[in-house]
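S.K.: Structural data only, the sequence is not supplied:
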Ligand SMILES: [Zn+2]
């Protein structure tokens, strides 16, 4: 009788083990599922298209799961999204909006464009043209790029443009303008980024400033005319205040300076500006 009980106990253990053993060899483990998932290598930037979110299925120890997830995250690194804002629009909008979240100060929803002192070119047309060149350049580098506007006649406020960047989950928000109001003796490109004491951009100002420096350096390298250090920090610019991601505002040159105005009207120079900014973004990104 005792022997019989021992035999039953042994069988009770062995049969399930045998069944497990059989299925264990024929069914793919969760690791195999993960490895068989398609991860397509995409751009020269080693950025890959991201397949649907992976879920690790049962039976893999936690630390193993984390290892696998890490590998997958590396391989499927999302393409960075860059939103470009071609500054201004055909008609100014003098209705007011706040200069930043919870601010008590107000300014026009969209200030007027400036015009070239020699050529008469409009700032809103120049910024869209350079934005389109820049979009092409950045796409070639493997980024996903969106423009806040593609037309001249549009009503889109400063805040709405920053909101567009947020809605599109932009990693970087690049705004293009051309100066036409300050020093008419001055020439060249400069980049405005948030100052350290800008209360609206505490979390992002460092990266923004770094991006600004990278773009100025790239412009100098490409022999673009740069105004002084090419750097300016602002604690009050509403275009920067509303952004929730690193942002910069590039003043491409001075439309109220005859030499700069003529230069800015040339396609070759516009392409050079786009290339400089694109290379600056790339250099910033690979740090
Ligand atoms: Zn402007």
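M.R.: Looks like it came in fine. What you see is a predicted model, and the numbers here were worked out from it, not measured in a lab.
S.K.: Would you mind splitting the protein into its domains for me?
M.R.: Per automatic domain parsing, the structural domains of the chain span 2-75, 81-285.
S.K.: Would you mind listing what in the protein touches the ion?
M.R.: Counting by C-beta under 5 Å from the ion, the residues of the chain lying close to the ion are 87, 177. (Glycine included, C-beta is placed from N, CA and C.)
S.K.: Mind doing that once more with 8 Å?
M.R.: Applying C-beta under 8 Å from the ion, one finds that the chain approaches the ion through 87, 88, 111, 113, 114, 123, 127, 177, 178, 179, 180, 251.
S.K.: quick one: which of those sit in helices?
M.R.: 123, 127 (DSSP state H).
S.K.: Mind picking the one among the residues of the chain next to the ion that's closest to the ion?
M.R.: Nearest to the ion among the residues of the chain next to the ion: residue 177, at 3.4 Å, using C-beta to the ion.
S.K.: Residue 147 - how many residues pack around it?
M.R.: 16 (other C-beta atoms under 10 Å).
S.K.: could you pull out the strands for this structure?
M.R.: Along the chain, counting by DSSP state E, strands occupy 81-86, 93-98, 106-110, 144-147, 172-179, 189-194, 226-234, 247-254.
S.K.: and among those strands, the most buried is which?
M.R.: Neighbour counts (mean count of other C-beta atoms under 10 Å) averaged over each of these peak at strand 247-254, with a mean of 28.
S.K.: any idea of the angle that one forms with strand 226-234?
M.R.: Strand 247-254 and strand 226-234 meet at an angle of 150 degrees, taking axes from the mean of the first three to the mean of the last three C-alpha atoms, to 10 degrees as the criterion.
S.K.: Tell me the strands beside strand 247-254, with direction?
M.R.: Strands that pair with strand 247-254, judged by DSSP bridges, come out as strand 172-179 (parallel), strand 189-194 (antiparallel).
S.K.: what pLDDT, on average, does the first one get?
M.R.: In this case it means strand 172-179. Model confidence over strand 172-179, given as mean pLDDT, is 98.
S.K.: do the same with stretch 239-255
M.R.: In this model, stretch 239-255 carries a mean pLDDT of 98.
S.K.: what's the answer for stretch 119-132, then?
M.R.: Mean pLDDT, computed over stretch 119-132, is 98.
S.K.: Which residues outside that stretch are in contact with it?
M.R.: 84-90, 113-116, 147, 149-150, 152, 176-178, 180, 252, 255, 261-262, 264-265, 270, 273-274 (C-beta atoms under 8 Å, 6 or more residues apart in numbering).
S.K.: any idea how far residue 161 is from the ion?
M.R.: 12 Å (C-beta to the ion, to the nearest Å).
S.K.: residues touching that residue, list them.
M.R.: Counted by C-beta under 8 Å, 6+ apart, residue 161 has contacts 85, 148, 149, 175, 239, 242.
S.K.: Relative to residue 99, which of those residues is nearest.
M.R.: The shortest approach to residue 99 among these belongs to residue 242, at 8.6 Å (C-beta to C-beta).
S.K.: From residue 98, how far out is the spatially closest residue to residue 220 that is not a sequence neighbour?
M.R.: Spatial nearest neighbour of residue 220, excluding adjacent residues (C-beta to C-beta, 6 or more residues apart in numbering): residue 226 at 5.5 Å. Distance, residue 226 to residue 98, using C-beta to C-beta, to the nearest Å: 33 Å.
S.K.: What of residue 285?
M.R.: Using C-beta to C-beta, residue 285 is found at 32 Å from residue 98.
S.K.: do residue 153 as well
M.R.: Using C-beta to C-beta, we find residue 153 at a distance of 25 Å from residue 98.
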